[in-house]
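Undergrad: give me coordinates for this.
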Amino acid sequence: MTETATRSRTRIEVEPLTCTIGAELHGVQLGEAAHDDTLFAEIRQLLLRHKVLFLRDQNLSRADHVAFASRLGPLEDHPVLGSDPDHPGLVRIYKDLDSKPEHYENALHCDATWRECPPMGAVLRCVETPPVGGDTIWVNMAEAYRRLPEHIRTQIAGLRARHSIEASFGAVLPMEQRHQLKARYPDPEHPVVRTHPETGEKILFVNAFTTHFVNHHIPENVRFGQDHTPGAGLLLNYLISQAAIPEYQVRWRWTENSVAIWDNRSTQHYAVQDYWPAVRKMERAGIAGDRPA
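TA: You can find the predicted model right below:
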């Protein structure tokens with residue numbers, strides 16, 4: 001079943017991919033939407049509703065890619081991956097036989113929560129795809145929060161946690177460089193449950209970059225050390241594991257010139273690395289976000 005969003009010149013057909021998250025858009029080109037206020041506004045509203053949008057056969061240049069993503073907000077570079085020299089904010093994520101064996105993408109994560117203000121979202125375009133494999137999974141973390149047991153929601157209300165680039169991207173660096181990276185991006189503290197600034201939804205906001213709670217060790221939670229260690233760690237692992245539940249997920253099979261747009265505030269994602277020795281080339285524009293609250 002499909003929904004339809006209409007305007008005077010363009011008709012967008014909206015095909016939900018699951019009951020929980022994700023929709024494929026038909027009949028629209030993002031290059032046009034980058035310069036059309038009405039069309040862009042419709043796409044933004046659909047993004048808030050479905051959390052991740054997919055489009056195929058997009059005739060999208062790098063300039064168009066950056067122009068569309070910039071409508072969502074200012075773009076930001078990645079401190080480790082860098083960006084295209086001619087298109088600041090556009091990160092090339094190219095995997096081939098000469099690529100280092102990195103395992104950052106194939107973990108369920110919310111982008112760059114090691115920033116004080118994590119990205120609002122991203123626009124990802126497939127440049128070259130493997131003949132099979134290389135799918136990406138997205139997860140609705142508002143649904144993950146909504147379906148937590150009531151006593152868990154009560155227990156985590158008000159909890160805050162640290163997120164670390166040092167313990168993730170920095171782990172492979174020599175100690176001095178790792179410390180420099182942490183000095184540039186000190187581990188921020190975020191709420192375990194954030195409120196979406198546009199929809200008001202409550203979102204479970206812990207992921208692979210989360211290291212520990214900062215305000216769990218209080219008399220209400222800790223009788224003996226066993227409640228704090230490993231008790232707090234077990235609770236954090238339980239919360240992080242919610243993103244692995246298939247009922248909260250959508251899985252996308254890439255084709256060349258297909259695009260995904262996602263709301264990083266309310267989702268996590270996982271890039272499946274099951275395509276070696278094939279090549280996978282993606283280009284991503286990340287949009288700066290606000291401080292989680």
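
Undergrad: work out the gap between stretch 273-281 and the centre of the chain.
TA: When C-alpha coordinates are averaged (Cα atoms, centre = their mean, to the nearest Å), stretch 273-281 and its chain have centres 21 Å apart.

Undergrad: need the residues that contact it.
TA: Under the contact criterion Cβ atoms under 8 Å, 6 or more residues apart in numbering, stretch 273-281 has outside partners 92-97, 103, 105-106, 126-135, 254. Using the backbone N, CA and C atoms, a C-beta is placed for each residue, glycine as well.

Undergrad: okay, buried residues for that stretch please.
TA: By neighbour count on 16 or more other Cβ atoms under 10 Å, the buried set for stretch 273-281 is 275, 278-281.

Undergrad: tell me the mean pLDDT over stretch 132-145?
TA: Mean pLDDT, stretch 132-145: 98.

Undergrad: dump it to CSV, keeping only the CA atoms.
TA: The C-alpha coordinates for stretch 132-145 follow below in CSV (Å, rounded to 0.1, in the frame of the first residue of the first chain):
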residue,chain,number,x,y,z
VAL,A,132,25.4,-8.9,-3.7
GLY,A,133,25.6,-7.8,-0.1
GLY,A,134,26.5,-4.4,1.4
ASP,A,135,23.0,-3.6,2.7
THR,A,136,22.4,-1.1,5.4
ILE,A,137,20.0,-1.5,8.3
TRP,A,138,18.2,1.4,10.2
VAL,A,139,16.5,1.2,13.5
ASN,A,140,13.6,3.2,15.0
MET,A,141,14.9,4.1,18.5
ALA,A,142,11.7,5.9,19.4
GLU,A,143,9.9,2.6,19.0
ALA,A,144,12.7,0.9,21.0
TYR,A,145,12.0,3.2,23.9
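
Undergrad: give me the three-state assignment for residue 65.
TA: Three-state assignment for residue 65 (DSSP: H, G, I helix; E, B strand; the rest coil): helix.

Undergrad: and the closest residue to residue 39 other than its chain neighbours, what does it touch?
TA: In space, and not counting its chain neighbours, residue 39 is closest to residue 33: 4.5 Å by Cβ to Cβ, 6 or more residues apart in numbering. Counting by Cβ under 8 Å, 6+ apart, residue 33 touches 39-40, 43, 68, 71.

Undergrad: out of those, which is most surrounded?
TA: Neighbour tally across the contacts of residue 33 (other Cβ atoms under 10 Å): the maximum, 25 neighbours, falls on residue 68.

Undergrad: ok but that one is inside a helix, no?
TA: Yes - per three-state DSSP, residue 68 lies within a helix segment.

Undergrad: and for the residue lying closest to it once chain neighbours are set aside, the neighbour number?
TA: Closest residue to residue 68 apart from its sequence neighbours, by Cβ to Cβ, 6+ apart: residue 34 at 3.9 Å. Residue 34 has 19 neighbours, counted by other Cβ under 10 Å.

Undergrad: list the contacts for residue 34?
TA: 40, 64, 67-68, 70-71.

Undergrad: same thing with residue 141?
TA: By Cβ under 8 Å, 6+ apart, the neighbours of residue 141 are 110, 203-205, 242-243, 248, 266-268.

Undergrad: swap the cut-off to 10 Å and go again
TA: Residues near residue 141 by Cβ atoms under 10 Å, 6 or more residues apart in numbering: 21, 51, 108, 110, 193-194, 196, 201-207, 242-243, 248, 263, 265-268.

Undergrad: show me where the protein has helices.
TA: 30-33, 37-50, 62-72, 141-146, 150-156, 175-184, 225-228, 231-241 (DSSP state H).

Undergrad: which one of those has the most crowded surroundings?
TA: Comparing the helices of the chain by mean neighbour count (mean count of other Cβ atoms under 10 Å), helix 141-146 comes out on top with a mean of 23.

Undergrad: one step back: take the buried residues of stretch 273-281 and write them to a markdown table, including distance to residue 228 and pLDDT.
TA: Converted to a markdown table, the buried residues of stretch 273-281 look like this (distance: Cβ to Cβ, whole Å; pLDDT from 0 to 100):
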| residue | distance to residue 228 | pLDDT |
| --- | --- | --- |
| 275 | 42 | 92 |
| 278 | 46 | 92 |
| 279 | 47 | 93 |
| 280 | 42 | 94 |
| 281 | 46 | 95 |
